[in-house]
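Trainee: Predicted model and sequence follow; I will ask about them next.
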Amino acid sequence: GNSVTQMEGPVTLSEEAFLTINCTYTATGYPSLFWYVQYPGEGLQLLLKATKADDKGSNKGFEATYRKETTSFHLEKGSVQVSDSAVYFCALSQGAGGTSYGKLTFGQGTILTVHP
Amino acid sequence: GAGVSQSPSNKVTEKGKDVELRCDPISGHTALYWYRQSLGQGLEFLIYFQGNSAPDKSGLPSDRFSAERTGGSVSTLTIQRTQQEDSAVYLCASSLARTGPEQYFGPGTRLTVT
């Protein structure tokens, strides 16, 4: 079955530091890949996505590249801010067709804390 | 426009009671998903609706769990004879499936079984 593995947290950084959160996946075919973020006390929000190999998703200074050869979708940001403190989830979904279209399989989440 | 809404936001119930959780998806979204978020299990898929049909119920943990969707819109997740291990945040998401796989999540219902 499908699975997503994220680097274990928590991750603690100082403001303006470089961020990488690793994510690798196991899936058949060509899944779509996502990063979702959950800010304290809020619901899950889509941060970025990529739907085919070599696509780069980007949003709010975050980016991730769909690497089929390494089955990875690592999240990066060049300079984090205190407001980026949240839980980050990597996820995948299978493509159109079949009975499970769009069903998301999530990684375990990575807690990020950014200090001033 | 309005996002996905869920009610109640919090529910405390006694073990053995039945509960109903409601989800109002984004208007026009044909696909609807239920997930559960708990400390021990992370985020787990429960059930997927396309219109009023549920092609994938594979994530429902037991026959105490059921869900329905009416009018291609509102969905209700029912848990019968609740157990303490049912305590979790239940999340609903909807998607305009034909334009892409991204899902939009509601704020969740926090269920506590005492």
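Mentor: On my side now, so go ahead.
Trainee: From now on I want contacts and neighbour counts done on CA atoms only, so please keep to that.
Mentor: Fine.
Trainee: Enumerate every residue touching the nearest residue to B:Pro107 once chain neighbours are set aside.
Mentor: Closest residue to B:Pro107 apart from its sequence neighbours, by Cα to Cα, 6 or more residues apart in numbering or on different chains: A:Gly43 at 4.6 Å. Neighbouring residues of A:Gly43 by Cα atoms under 8 Å, 6 or more residues apart in numbering or on different chains: B:Phe105, B:Gly106, B:Pro107, B:Gly108.
Trainee: Greatest separation within the residues you listed: which pair is it?
Mentor: Farthest-apart pair in the contacts of A:Gly43 is B:Phe105 and B:Gly108; separation 8.0 Å (Cα to Cα).
Trainee: Compare the two and say which one has the larger neighbour count.
Mentor: More neighbours surround B:Gly108 than the other of B:Phe105 and B:Gly108, with 29 against 25 (other Cα atoms under 10 Å in any protein chain shown).
Trainee: Find the nearest non-adjacent residue to that one, please.
Mentor: Closest to B:Gly108 by Cα to Cα, 6+ apart is B:Leu91, at 4.4 Å.
Trainee: Likewise for A:Pro10?
Mentor: Using Cα to Cα, 6+ apart, the closest residue to A:Pro10 is A:Ile111 (4.7 Å).
Trainee: B:Gln80 too?
Mentor: Closest residue to B:Gln80 apart from its sequence neighbours, by Cα to Cα, 6+ apart: B:Asp18 at 4.3 Å.
Trainee: And B:Tyr35, by the same measure?
Mentor: Residue nearest to B:Tyr35 in three dimensions, not counting chain neighbours: B:Phe45, with 4.4 Å by Cα to Cα, 6+ apart.
Trainee: The one you found contacts B:Trp34, correct?
Mentor: Yes: using Cα atoms under 8 Å, B:Phe45 makes contact with B:Trp34 at a distance of 6.4 Å.
Trainee: which residues does B:Ala93 contact?
Mentor: B:Val4, B:Pro25, B:Leu32, B:Tyr33, B:Trp34, B:Gln103, B:Tyr104, B:Phe105, B:Gly106.
Trainee: most neighbours, which of the residues you listed?
Mentor: Going by other Cα under 10 Å, B:Leu32 tops the contacts of B:Ala93 with 32 neighbours.
Trainee: quick revisit: what about the residue nearest to A:Pro10, distance to chain B?
Mentor: Distance of A:Ile111 to chain B, computed by Cα to the nearest Cα, to the nearest Å: 13 Å.
Trainee: okay, that residue: pLDDT?
Mentor: In this prediction, A:Ile111 carries a pLDDT score of 95.
Trainee: helix or strand for it, which one?
Mentor: Using DSSP states H and E, A:Ile111 sits in strand A:110-115.
Trainee: who does that strand pair up with?
Mentor: strand A:11-14 (parallel), strand A:86-93 (antiparallel) (DSSP bridges).
Trainee: As JSON lines, these with distance to B:Ser66 would be great.
Mentor: What follows is those, written out as JSON lines (distance: least, Cα to Cα, whole Å):
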{"stretch": "strand A:11-14", "distance to B:Ser66": "38"}
{"stretch": "strand A:86-93", "distance to B:Ser66": "23"}
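Trainee: winner for burial among the ones you listed?
Mentor: Burial of those is given as mean neighbour count (mean count of other Cα atoms under 10 Å in any protein chain shown); strand A:86-93 ranks first at a mean of 25.
Trainee: ok, back up a step: could you dump the strands paired with strand A:110-115 into a markdown table with mean pLDDT added?
Mentor: Converted to a markdown table, the strands paired with strand A:110-115 look like this (pLDDT from 0 to 100):
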| stretch | mean pLDDT |
| --- | --- |
| strand A:11-14 | 97 |
| strand A:86-93 | 95 |
